[in-house]
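Enquirer: Give me a model of this one.
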Amino acid sequence: MLKMFVGDKHARERKRLWPIIEEINELAESLESVSDEQVQAKTEEFRRRLDEGEEVDDILTDAFAVVKEACRRNLGRTWEWDMVPYDVQLFGGIVLHEGKIAEMATGEGKTLVAVLPLYLNALEGKGAHLVTVNDYLARRDSDWVAEILRWLGLTVGVIQDGMDQEDRRAAYQCDVTYGTNNQFGFDYLRDNMAVTPEGRVQRGHHFA
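Expert: Numbering: from 1, shown residues only. Next comes the predicted model:
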């Protein structure tokens, strides 16, 4: 009865986001005819646009289209890359960027979904974090999925148990940093107990 009066929340979200997804797909298709170098140059173009006053929301469709095309171009290249975002993954990427929860079933490509908002938000130069549940997944994803981010010119680091302070600081200085909630959380606590700025490893914090 409630749905009859207020509608289905997920259906409303799909209706709201579908025009954005269609635009992303059209932009990605338009990139198929340009060179690798022209696709990779989009990263600096986006950074320039942000420096000139645009917001990340203004470049979302362009940035997601570039990630989708980068995925397509790297199919079967030097590492075992075999994924191109489907519409459901574009949908999930937008939802994550908006600070919401994207619930996806096993096999729907959650690992790939994260690359889309990571790329977009890393363009601001403030550092973007991917939080996962254990060191193995943090390392696996930073070695595998993050190759798309590196192909697009971003730096990618990973925080692992047992790393020394200098290695941690270097990882946090990357555009994108993979790690676990424990690693990020304890580094935050240690930084707040540091007696000098040099004793800290994380950047300043910017919360979405």
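
Enquirer: give the contact list for the residue most central in space within the chain.
Expert: Taking C-alpha atoms, centre = their mean, the centroid of the chain lies closest to Leu118, which sits 1.4 Å from it. Counting by C-beta atoms under 8 Å, 6 or more residues apart in numbering, Leu118 makes contact with 128, 130, 149, 176. Yep, even glycine has a C-beta here, placed from its N, CA and C like the rest.

Enquirer: swap in Gln89?
Expert: So Gln89 contacts 108-109, 112-113, 116 (C-beta under 8 Å, 6+ apart).

Enquirer: Now flag whichever of those is closest to Arg139.
Expert: Distance to Arg139, by C-beta to C-beta, is smallest for Leu112 among the contacts of Gln89, at 17.2 Å.

Enquirer: after whichever strand or helix holds Gln38, next one along is what?
Expert: Using DSSP states H and E, Gln38 sits in helix 36-40. Going down the chain from helix 36-40, the next helix or strand is helix 42-51, by DSSP H and E.

Enquirer: buried set for that following helix?
Expert: Within helix 42-51, the residues that count as buried by 16 or more other C-beta atoms under 10 Å are 42-43, 46-47, 49-50.

Enquirer: same check, this time on stretch 69-76
Expert: For stretch 69-76, a neighbour-count test (16+ other C-beta under 10 Å) marks 69-74 as buried.

Enquirer: same deal with stretch 137-149?
Expert: Neighbour-count burial for stretch 137-149 [16+ other C-beta under 10 Å]: 138-142, 145-149.

Enquirer: Sweet, I'm off.
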